[in-house]
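K.L.:
Curious how this folds, go ahead:
(chains A, B, C and D)
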Number of protein chains: 4
Amino acid sequence: MTRLADLLATVFERRQRGERVRPRFEDRPLPELAHALLGSAGEASGLALAEAVLARYEALDDAGRRDFLSEVARTMDIDPRAVRAALEGYEARPARDTYQAFAAAAEPPRQELIRRLNQAPGATTRLVRMRADLLRLGRGDPPLEALDQDFRHLFASWFNRGFLVLRRISWESPAHILEKIIAYEAVHAIDSWDDLRRRLQPEDRRCYAFFHPAMPDEPLIFVEVALTRGVPSSIQALLAEDRPPLPAEEADAAVFYSISNCQKGLSGISFGNSLIKQVAADLAADLPQLSTFVTLSPIPRLVEWLEREGVAWDPADPERMRRLAAWYLLNAKGRDGMPFDPVARFHLGNGAIVHAVHADADVSPKGRAQSGGAMVNYLYDLGKVAQNHEAFVARREVRASAEVRALAERAQISPTEER
Amino acid sequence: MTRLADLLATVFERRQRGERVRPRFEDRPLPELAHALLGSAGEASGLALAEAVLARYEALDDAGRRDFLSEVARTMDIDPRAVRAALEGYEARPARDTYQAFAAAAEPPRQELIRRLNQAPGATTRLVRMRADLLRLGRGDPPLEALDQDFRHLFASWFNRGFLVLRRISWESPAHILEKIIAYEAVHAIDSWDDLRRRLQPEDRRCYAFFHPAMPDEPLIFVEVALTRGVPSSIQALLAEDRPPLPAEEADAAVFYSISNCQKGLSGISFGNSLIKQVAADLAADLPQLSTFVTLSPIPRLVEWLEREGVAWDPADPERMRRLAAWYLLNAKGRDGMPFDPVARFHLGNGAIVHAVHADADVSPKGRAQSGGAMVNYLYDLGKVAQNHEAFVARREVRASAEVRALAERAQISPTEER
Amino acid sequence: MTRLADLLATVFERRQRGERVRPRFEDRPLPELAHALLGSAGEASGLALAEAVLARYEALDDAGRRDFLSEVARTMDIDPRAVRAALEGYEARPARDTYQAFAAAAEPPRQELIRRLNQAPGATTRLVRMRADLLRLGRGDPPLEALDQDFRHLFASWFNRGFLVLRRISWESPAHILEKIIAYEAVHAIDSWDDLRRRLQPEDRRCYAFFHPAMPDEPLIFVEVALTRGVPSSIQALLAEDRPPLPAEEADAAVFYSISNCQKGLSGISFGNSLIKQVAADLAADLPQLSTFVTLSPIPRLVEWLEREGVAWDPADPERMRRLAAWYLLNAKGRDGMPFDPVARFHLGNGAIVHAVHADADVSPKGRAQSGGAMVNYLYDLGKVAQNHEAFVARREVRASAEVRALAERAQISPTEER
Amino acid sequence: MTRLADLLATVFERRQRGERVRPRFEDRPLPELAHALLGSAGEASGLALAEAVLARYEALDDAGRRDFLSEVARTMDIDPRAVRAALEGYEARPARDTYQAFAAAAEPPRQELIRRLNQAPGATTRLVRMRADLLRLGRGDPPLEALDQDFRHLFASWFNRGFLVLRRISWESPAHILEKIIAYEAVHAIDSWDDLRRRLQPEDRRCYAFFHPAMPDEPLIFVEVALTRGVPSSIQALLAEDRPPLPAEEADAAVFYSISNCQKGLSGISFGNSLIKQVAADLAADLPQLSTFVTLSPIPRLVEWLEREGVAWDPADPERMRRLAAWYLLNAKGRDGMPFDPVARFHLGNGAIVHAVHADADVSPKGRAQSGGAMVNYLYDLGKVAQNHEAFVARREVRASAEVRALAERAQISPTEER
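P.N.:
As a prediction, this is how the structure comes out:
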C-alpha cells in the first residue's frame, strides 16, 4: 500500500498545481484552439492548449457551449471518402500500414481531441462535465448525438472496470466527499449531516463507492447497505432514527437499500452490476456469517402501470397490493419484452431474483405515490447470479421465489403487452 | 491526499485477492473462451472468463501464444462489407444510431476483447506483457502487426498523460520497485544495491518515474538526475564513487544523465517528453535557484556514422572529436531528413537544443566503442522548448549553441544524406 | 512518507481490534485488579488487566469513579519512611543501585499504574478522560489533587512537544474530526456544517491542530486563521457569510482569530505557544509574501475590570473604549503582577506584543457583555518573540505598539493593583 | 487510516525541515546552554537551545561527550536536603502544593533536561543515541550510571507499549528500513540483499518490527518468522536457498527463528515479549489454520556451561547432545536461580515452554562453537502463556514437554548451582 499512497500524493499535488494554471491564448477563437491542439505535434504546447480549451469552454454559457460542441461535431467528423479509400487499401493488402491508415480514417478526429484534452491536470472530471452538457444540450440533434457516442466510447475505455477502485465511505471519510453523498443520494434523500451520520456510523451500516484514480474527489456510484437479522420489509423501520444498532457480527443479511449514480456525464457507462457484486464479495469476506444478500427496492412504476392497465388497487388492502406487485414484477413488460419496471430490469439483469414483496413498506409520500407503499427484495445468490443472468438475457426469464410466484398467481390479472 | 491513500489501499487489496483467483473453464479451448468473453452480456461470467483467458494464455509457450494471437487477429478482424454498409447508412442519414453502427463495424472485435480482458484484477500489467509477446513474436506477420496496432491504440488511450503519476524514486522507496530500477536502467548500468544507493541517496541526486494507477508496482519510465554546479562534461566524474555530495541548495544545474523505458509492451507509447518537462518543472519549483536543465547524453551512433562515411577520427585528439561530434549532431540525417542519431532525435523533438559536446566524456568500453568517448549536453530551456519544438517539427531545424555551431563549422566535413 | 502511512495503518488496525476486546475478571473488585496490574510481572496478563481496569472504571458512575480514584490516591502514595531511607542510602553511597532505590521510593506506585494502564490499545484517550473526571470530581480534595499531579507529570512527558504532530484541518478532513472542531470551538461558536465549511474551504482560511500519534482521532488544540490584506478590526466582518474570498497569494497578513483547547483532561499541559509559532512558520514557508502574523482576540474581562474599578465606560464612544482597552491591557494586573486579562497573559507570555485595539469589533451579545465590543490584535513578530518573551517573564514588561501606548496614556486612569 | 496517513505526512515534513536547522549559540559553552535550556521559561528559545545542545554534543568526540554527560550527572542531580525538606512538608500537610514540591525536589533536573531536549524535531532518535554513548562511556562510573537510570526511566515512559506500532517488514518496505534489518540481524546474519529477499519475499516468510511514531525510520526490534508444516529441527534447512516456498495457507506452524534488538540506546526497555505475542495474534487472525507458534532458537551458552561443569560432550553423538541440551535447559541456573541460558530466560519469562531439542540443528561455525550444533524450540501456547509465565516468575518453574523432560532425565547429570 505504501507506494500507492506515495503515488497518489503526487496525483494530488499535480492536481493542486493544475488548479492555479491560468488560461492563455486569449486572443484566438476557441475552435481554432481546439484545432491547434489536434495539430500540435508535441506535448510542449499541447498541455497549455488543452488547459486553455477547457477553461475557455467552461467560461461559456449554454448557447456558447452548444455552438462549440456543434462545431467540434461538424468539423471533426469522419470523412466517408477517406474511410472508403483506406478500407479498400486494407482489403487489397492487409498489413500494419494499411490497417493503421484505415483505423486512422475510421476514427473521427474529435476522439483524438478528447484524448488530448485529457492530458491537462484534472481534465477527466471536466470532460465528464462536458459530456453532461452535451447530453443536456444535444438531445435530438443528430451531430451532437453522434459526438456523444464518441465521448461514450472513450469513457467506456477509460472507466473500464479494471481501473475503478472500490472504497468504503464512512463517517471517517473526508467531508467534501460526504457532501457529495448527500447531494447525489437519489433513492431515499439524506436531509442533513445528522441523517448522513445515521447511515454511516452505526456498526450495522455500510456505504461503498466506486472511484476512478483520475477523479479522486468524485464518487462515481455508491450503494448503501444495512446489516440486519432477517430480510427487512419496511424502509422506514430500516432507517428509523431511534433504532438500536445491531452488532455487525450478529447480522445474517446485508441489505442494499439504495444505489445512486453520481455523474450525469457517465450516463450509459454501467457500474452498478460490478458494484453490488464486489460489495457483496467484500462483505462476505469480512463477515463470514452473512448468508443473505438482498435489496430493499422501490417499485417506481407500479402505480403508473396499474392505472394505465385499469387495474383496481387499494393501498389499504396489503394482501392485494402484494399480489399486484408480484404479478407486475413477473409479468409487466415494455415493448422490448424486458420488464416494465426499470429497477427490476437492473437487478434481474444483474442476475438477482424477485425474492419477496411487501405492502406498507415505504409509507413516504413518494413511496405511496409510486407504488402504493409496496417494495420488493431482490436476492443476490452469488453462486447463481451468472446462471440467472444468462436465463434473463437469453430467454427474458424472470426468476422469483416460490412465494412470489404464488402471490402473482393469485393476482387474477391477465398478462398484457405494453403498447 | 487522505482519500487517495485510502482509495489506493483498496486497489492494493483487490490486487492481492486477485492473485489468488485460480483459472476455471479448463475443459474449453482457449479461443472459445476468448469468444465467450466477447459474447458475455454481463460482468457476471465476464470477470471469471477474463481471468481464465489470461491465465490460460500465460501457461502457453511461445508457439502456443503465437497461435492464439494469430487466431484473435484473424477471427476478430473488421468485416469490410459490414464497414461499408454501415458507412453508407451513416452517409445517408447521419444520426446517433447510424453513427453507432458505423463505429461498431469499424472497430475490430479484438479491441473489445482487450478491453474485457482488462476487467480482471491486475490485468493491465498482463496485457502489457501480452503486447511485449506480440512485438517479439509477430514481427513481419501482417495480421499480428495489425493486432499490435489495436493494442497500441488502446494503450495510447489508457496510458494517456492525464492518467500517469509522477513519483520520486528514492532510497526510501520500496525494495521491489528499486530492484526494477536496477533491472531496467538502460544507459549506465547499475551493478549493485550500493551503486543504486549512490544514485538515489546523496542530496544532489534525484530519480523520478511515471506510474499508472493500475500498475502501481511497475515504473513505466524513469529519469536519473544529478544536481551540479555548472554543466558537467564527464559521466565518470559525475558518477564517481568518492564524490562529495553537493548540498542541493548550492546546485545551479539539473543534469538528466539517464532515461530508461521499463516496459517493452508499451513501446511506441511516448512518455519521455512529458517526463523530462514535468521533472524539470518540479525541480524548478522545489529548488528555485536552479537555472539550467540539461542532459549528459551518449551519442550512440557517432562511430558507426563516421566509419560509414569514411571520416577519419581519433579519440586521442579531443578537439577533433568535439568537432566531429558537433558536425554529426547538427548535420547527419536519416532518410526521413530527421537526425541520424536516435538520442538527438528524441531530445531535439522535445524542444531541447544542442548545448555542448565533450570528448573523453564517457571512457567506458561502451562509450569508447559507440562515440569515441564523446558525449553531448542537450539544453532544456523551459521558456523556449515549445518554440524549438515547432521549428524542429515544421522545418527540421536543429538548434544549437553558438559554441557548438562554431565547432561544427570547423569540422571540415561536407554534409551528406543517408542512403 | 510511505513508511509512516504504513506504520499508522497498523496503529489503526490495532485500535480497531482493541475496541472489540471485552472486559474480563468480572468476579474481582476493581481496586484489586488495579493492584494486580501493578504486581503483574509480565505483559502476559498485564494487557488484559489494563483493559479490564479501564472498562470497569468506565462503567462506574461519578460516585464510583471518585471512590476508585481516592482508593488509588490513598493506597498508592509514596511511603515517606521508605523515601527517607532510600535517600540516606544514596547520600551514603551514590551509585546506580542506591539511586535506583531512591527513584523507586520517591515515585508513587500510582504513576506506574497509569503507565501500565496505558499499555492497552487506545488507552491514552481513556486516561485523558480519566483525568478529566479527576479534575471535575477531585477539586478541593487533597489526595485527589495530589493524584492529579501524577497524571499531569506523566502527561507532560507523553505529550512532549517532540511527539506532537501539526496537521492542517480542511474541508477534506474526515467528518468525525470535523465534528470535534464544531464541538470544541470555544471562542466564536460554529453553529452548523455550513458555518464550518465557511471557516475551512475558502482559500483565505486555514485551520491547524496538534495531534498525538496515540490519539489520532482527537485534536488536542486547534487554531483558526484568516488570510487578509491588512490587519482586521472586526470579527463580524472577518467572518461575514457573503465575504468574497481573497486569493491566498494576495494576502499579506495571517490572522489567528480563534484558538481552542479540546481536551479537558490535558488541562495545564500547554500547547498553544508551540501551535501558533509552528503555524506561523508553516504559513511563512508556504506563502512567502505574508508579512504580518497577528491575532484578533477578545478582551474577556475588560468590562468586569472596569466595573470593579468604578471606571465609567460607554460603548457608544469608540475612542473612549479604545483608550480604556489600551490602558487595561497595558496596566491592569492580577495579584501576581501578571496581566489581569487571561488572553493577554497567554499571548504576551508567548512573546507577542499589543499591536492595536478596536472598538465595535465584536458586536455579538457576548462581545458586548465582556468588553463593550472591543477587541485587540496581538502581533507575533517571529524575529522578536524570544526577546519579548524574556522581557515579559523576567520583568513583567508588556510591550505594545506606539499607537497603543499613546492611546493608553490618553485614558486618564490611575494605575491600580488588584486587591 | 486516512487521517493517520495525513498526520504522519506532517511528521515527515517537520522532520525534513528540522534537518536543515543549523546550530546557533556557538559562542557559549555547551554546559551553559544545557542550563539555559533548563531555565528557559518558554518554548520560544527552548527549541533553538535544544537543537543547539544536541548538535554541539554530537560534534564532540568520546572524551568530550563523557565530560558533558558527567557535568550533567553532577550538576543536575537531586539535592538531598531539598528532598528531605519537601518530604517533611508533604508529611505535615499532604496537599497538591506540598506534593508538587516534593515531586519537583525528588526528580533530578537532568530528567527535565532530557524532556526539553526532546522538543527538537527528530530529537528522540538522537537521545536514544546519546544513551548508547552513556552506556558505552559510563560503565563503572556511579554518577553516569545514575544518569543512565534517568534516561531509562524516561524511555520506559516514552516507549510505553501503548505507543509502539507493529508493522510488517516485506520486500515492499523502503530500502532504507531494509538496510537496517540487514545491519541489525543479530542471530543468523543476512549477508546480502538477495539473502534478505529470501527472508522477506516468499509467501512462507514474514518479518515484523516495532516502531515508535517519533522514530519512523528506525525499527526498535524485529522478529523473522517462517511458516512451515510441522516444527522444524534445522536452521540450515529452514533457510536453504533452494527451498520451494510453502503456500501460506498450507502452513500449520509459525516459527520465530530470529529476534533482534536494533537500538543499543534502548537497552533494558523490553519489547520482545510484546512483539512475539502480538505477531502470533496477528498471524493467528490472518491464517486461522496455524495451530503452533514456536521458536527455533540457539542455545548460546550450552558449550560454555558443559565445559565449566566438566561434562563430557560429543557433537557426533546426536542423542547425547539432545539429552545434555534438555538437561541444561531445564536445570542449569545462574546465581539468581534463573535459567543460565539467556535465550531460555527470555522465552520462559514470556510464558513459553521448552518444546523440543535437536542435535545438528545449526551446523554453522557459530552454532557448533556455542552449542555443539544443538537448538531448541520454545512453544508459545497463547492460551497458556499467562499461566506459564506466572509459574516461572513465582516459582522459577521451567515448563517443558514430556519428551524434553524424558530426555533430560536420561542425561545422567546431577543438578548444580552456579557458583
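K.L.:
Spit out the contact partners of A:Y57.
P.N.:
With contact set as CB atoms under 8 Å, 6 or more residues apart in numbering or on different chains, A:Y57 has these partners: A:30, A:65, A:68, A:130. No exception for glycine: its C-beta is placed from N, CA and C like everyone else's.
K.L.:
doesn't the last one fall inside a helix?
P.N.:
Which is A:M130. Yes. Checked against DSSP: H, G, I helix; E, B strand; the rest coil, A:M130 lies within a helix.
K.L.:
so what's it up against?
P.N.:
With CB under 8 Å, 6+ apart, A:M130 has these contacts: A:57, A:69, A:151, A:265.
K.L.:
State the three-state secondary structure for the residue of the stretch 301-419 of chain A found nearest chain B.
P.N.:
Nearest residue of the stretch 301-419 of chain A to chain B (CB to the nearest CB) works out as A:A386 at 4.1 Å. Put simply, A:A386 is helix when judged by three-state DSSP.
K.L.:
Please verify my assumption that it contacts A:N350.
P.N.:
No. Using CB atoms under 8 Å, A:A386 is not in contact with A:N350; the gap is 10.3 Å.
K.L.:
how near is the nearest residue to A:G268 once chain neighbours are set aside to chain D?
P.N.:
Leaving aside its chain neighbours, A:G268 sits nearest to A:R152 (5.6 Å; criterion: CB to CB, 6 or more residues apart in numbering or on different chains). With distances taken as CB to the nearest CB, to the nearest Å, A:R152 is found 33 Å from chain D.
K.L.:
One more: A:V187?
P.N.:
27 Å.
K.L.:
Am I right that that residue is in a helix?
P.N.:
No. Going by three-state DSSP, the assignment for A:V187 is coil, not a helix.
K.L.:
Quick check: it touching A:S260?
P.N.:
Yes. Judged on CB under 8 Å, A:V187 makes contact with A:S260 at a distance of 6.3 Å.
K.L.:
Can you tell me the SS state at A:H355?
P.N.:
When the rule is three-state DSSP, A:H355 gets the label strand.
K.L.:
Who are the contact partners of the closest residue to it other than its chain neighbours?
P.N.:
Once flanking residues are discounted, A:H355 sits nearest to A:L379: 3.6 Å by CB to CB, 6+ apart. A:L379 makes contact with A:292-294, A:352-355, A:401, according to CB under 8 Å, 6+ apart.
K.L.:
who touches A:R368 in this structure?
P.N.:
A:315, A:362 are the contacts of A:R368 under CB under 8 Å, 6+ apart.
K.L.:
With A:V72 instead?
P.N.:
Going by CB under 8 Å, 6+ apart, the list of residues near A:V72 reads A:31, A:34, A:110, A:113, A:147.
K.L.:
pLDDT score assigned to the residue positioned nearest the centre of chain A?
P.N.:
In chain A, the centroid-proximal residue (CA atoms, centre = their mean) is A:N261; its distance is 4.2 Å. In this prediction, A:N261 carries a pLDDT score of 92.
K.L.:
Quick check: bridge partners of it?
P.N.:
A:I221 (DSSP bridges).
K.L.:
wait, doesn't it sit right on A:V223?
P.N.:
No. At 10.6 Å, A:N261 and A:V223 do not qualify as touching, with contact defined as CB under 8 Å.
K.L.:
can you list residues touching both of the two?
P.N.:
A:G272.
K.L.:
quick one on the thing from earlier: pretty sure the residue nearest to A:G268 sits against A:L266.
P.N.:
No. Using CB under 8 Å, A:R152 is not in contact with A:L266, being 9.1 Å away.
K.L.:
quick one: which of those two has more around it?
P.N.:
A:L266 (24 against 20; other CB atoms under 10 Å in any protein chain shown).
K.L.:
The more buried one: what's it in contact with?
P.N.:
By CB under 8 Å, 6+ apart, the neighbours of A:L266 are A:128, A:131, A:155, A:159, A:220.
K.L.:
ranking those by neighbours, who comes first?
P.N.:
A:R131 (26 neighbours).
K.L.:
Per-residue confidence, that residue, what does it come out as?
P.N.:
98.
K.L.:
for the one 3 residues further on, same thing?
P.N.:
As predicted, A:L134 sits at a pLDDT of 98.
K.L.:
Confirm it sits in a strand?
P.N.:
No. Secondary structure of A:L134 (three-state DSSP): helix, not part of a strand.
K.L.:
quick one: it from chain B, how far?
P.N.:
12 Å.
K.L.:
so the residue nearest to A:G268, which of the three states?
P.N.:
A:R152 ends up helix, using three-state DSSP.
K.L.:
State whether A:A132 and A:G268 are indeed in contact, as I suppose.
P.N.:
No. With contact defined as CB under 8 Å, A:A132 does not reach A:G268; the gap is 11.9 Å.
K.L.:
More neighbours: these two, which one.
P.N.:
A:A132 (16 against 12).
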